[in-house]
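[1] No letters, just coordinates:
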């Protein structure tokens, strides 16, 4: 029994096996569309290890110094 997956780009059903040259994509076109999305940073893998950690006092101080050096016009509406 063959495994069937959906193309990540167009959702067409694709047989997962050696006969599917572009698996998991249905075609070279869909593969290139996906590659372009990664290159344009439309797709990302989130780094939850950094996302869930609070900032340290040193990081907060560095951010304060960075923002203090910014042009005040940058922060105006």
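    Happy to help now that I have it. All values reported here derive from a predicted model rather than from experimental measurement. Numbers count the residues shown, from 1 in each chain.
[2] Could you identify the helix or strand that succeeds the helix or strand bottoming out on mean pLDDT in the chain?
    Lowest by mean pLDDT, DSSP states H and E among the helices and strands of the chain is helix 48-51, with a mean of 65. Using DSSP states H and E, the next helix or strand after helix 48-51 towards the C-terminus is helix 57-68.
[3] Residue ranges in this structure under the pLDDT threshold?
    In the prediction, the chain carries residues with pLDDT under 70 at positions 48-52, 69-77.
[4] Next one: the residue in it sticking out farthest from the centre from residue 13, what distance?
    If you look at how far each residue of the chain sits from its centre, by CA atoms, centre = their mean, the farthest one is residue 1, at 33.1 Å. With distances taken as CB to CB, to the nearest Å, residue 1 is found 14 Å from residue 13. For glycine as for every other residue, the C-beta is placed from the backbone atoms N, C-alpha and C.
[5] just residue 67 next, same as before
    Separation of residue 67 from residue 13 (CB to CB): 51 Å.
[6] Centre-most residue in the chain?
    Short answer for the chain (CA atoms, centre = their mean): residue 44, at 1.0 Å.
[7] hang on, that residue is in a helix, isn't it?
    No. Using DSSP: H, G, I helix; E, B strand; the rest coil, the assignment for residue 44 is coil, not a helix.
[8] Now do the contacts for the nearest residue to residue 16 once chain neighbours are set aside.
    Spatially, and ignoring its direct neighbours in sequence, residue 16 is nearest to residue 3 (4.2 Å; CB to CB, 6 or more residues apart in numbering). Shown in contact with residue 3 (CB atoms under 8 Å, 6 or more residues apart in numbering): 15, 16, 17.
[9] what's in contact with stretch 4-22?
    So stretch 4-22 is contacted by 2, 3, 23, 24, 25, 26, 27, 28, 30, 31, 33, 34 (CB under 8 Å, 6+ apart).
[10] Out of the contacts of residue 3, list just those in strands.
    Of these, the ones assigned to strands by DSSP state E are 15, 16.
[11] Measure how buried residue 23 is and give me the count.
    Counted with other CB atoms under 10 Å, the neighbours of residue 23 add up to 16.
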